[in-house]
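# Sequence first, predicted coordinates after that:
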Amino acid sequence: MFDQRYQTFRVLVATKSYTRTAEELFITQPAVSQQIKSLEAEVGVPLVHYQRPYLTITPAGQQLAAFIQRTQAQSTKLLNDLRQPGQQRQLTFSTTLSISEFLAPQLVRVLQRQGSYRQINCQITNTQTALRALQTGTSDFALIEGNFEKHAFDYQVIRHEPFVGIVSATSPLAQLSRVTWADLTNYPLIIREGGSGSRDILLHLAQAANVSLADFPQVITVNHPAAIRQLLLANVGVSFVYRSVVQTELAAGQLVELPLASGRLEHDLDLVYVKDSFFAADYARLAAQLR
């Protein structure tokens, strides 16, 4: 969809080298330089700063490169959909770990019922990586529970999910009719890794109560909700998760939701995609089936 100058610029951003770009595109290095200068003249802003031996991409250049990548990915998807029978279509989505266990399976079942996709690719990751996949065009949309810059993306709210404090039923905290943050700081805290939306939400909750990680006797960082669930069952400490993550264990009486007045909130679960996506109507219909 873009002329050769844009494609050349996209490769240059990836390689950070005029020489490697020329080799990859089978053109001369002066041709690469000429195309980049022509593109800069057209858009009216510097895209590249080159001072031997260092080449850097300007902020405007980074934005343009991301736009090219996203648009090219959408163009490829549209053309594939037009060229191939419905059963041959493919879809790639990202989902954050915290909701991969309960919302991603529901999404896959919805897609199966539609019968439109022969290949469905699910990438389980954290919030920041999922957003980067949207920006680079390697993911069509993402299921996200963490905080993100909502002005930078389009999104559909799927539901409001309770985010709650959880302990083992055998924990002394489970016997209390009222729990404070001061009570929590007597126990180890099990928390997700950096980049996780759940971690960010928990840190904001704690900050609002004037509590920091340093107030806990021990902080255990775990990068998967299933492992956090097992640690909670083993009465290792306290954690905060989406209620749906531990719904089975709560119903069985193995885990207990803490009666913490200032430690419970409902957070949006969102289906997120790039702004002005050609497929926005499809994503809105998909979100509606997940509600």
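Right, received. Where do you want to start? A quick note: this is a predicted structure, and the numbers were derived from the prediction, not measured. Numbering: from 1, shown residues only.

# alpha carbons only for contacts and neighbour counts from here, please
Noted.

# If you count neighbours, what's buried in the helix or strand harbouring S94?
Using DSSP states H and E, the element containing S94 is strand 89-96. Going by neighbour count (16 or more other C-alpha atoms under 10 Å), the buried part of strand 89-96 is 89-91, 93-96.

# what lines up beside it in the sheet?
strand 117-125 (parallel), strand 141-144 (parallel) (DSSP bridges).

# Identify the residues contacting the first one?
With C-alpha atoms under 8 Å, 6 or more residues apart in numbering as the contact definition, strand 117-125 has outside contacts at 86-97, 100, 108, 111.

# next one: stretch 140-155
Residues contacting stretch 140-155 (C-alpha under 8 Å, 6+ apart): 91-96, 98-99, 104, 127, 130-131, 134, 196-198, 200-201, 267-276, 283.

# ok, back up a step: the contacts of strand 117-125: which two are farthest apart?
Within the contacts of strand 117-125, G86 and L97 form the most distant pair, 29.6 Å apart (C-alpha to C-alpha).

# When those two are compared, which one has more neighbours?
L97 (25 against 14; other C-alpha atoms under 10 Å).

# Quick check: the gap between the more buried one and E193.
L97 sits 11 Å away from E193 when distances are taken as C-alpha to C-alpha, to the nearest Å.

# for T248, same thing?
T248 is 24 Å from E193, by C-alpha to C-alpha.

# So between these two, which is more surrounded?
E193 (16 against 12).

# that older thread, comparing the strands paired with strand 89-96 by mean pLDDT, which bottoms out?
Among the strands paired with strand 89-96, strand 117-125 carries the lowest mean pLDDT, at a mean of 86.

# Just the buried residues of it, please?
117, 122-125.

# go on, stretch 174-184?
174, 179-181, 184.

# hmm, which two among those are most spread apart?
A174 and W181 (14.0 Å).

# Wait, a helix at N210?
No - assessed by DSSP: H, G, I helix; E, B strand; the rest coil, N210 does not belong to a helix; its assignment is coil.

# So what's the residue count around it?
10.

# Also N126?
For N126, using other C-alpha under 10 Å, the count is 25.

# go on, Q156?
Neighbours of Q156 (other C-alpha under 10 Å): 19.

# what about stretch 129-146, start to end distance?
Start-to-end span of stretch 129-146 (C-alpha to C-alpha) is 12 Å.

# cool, and stretch 99-119?
First-to-last residue span, stretch 99-119, C-alpha to C-alpha: 21 Å.

# Please state the offset of that stretch from the chain centre?
On the basis of C-alpha atoms, centre = their mean, to the nearest Å, stretch 99-119 sits 17 Å off its chain's mean C-alpha point.
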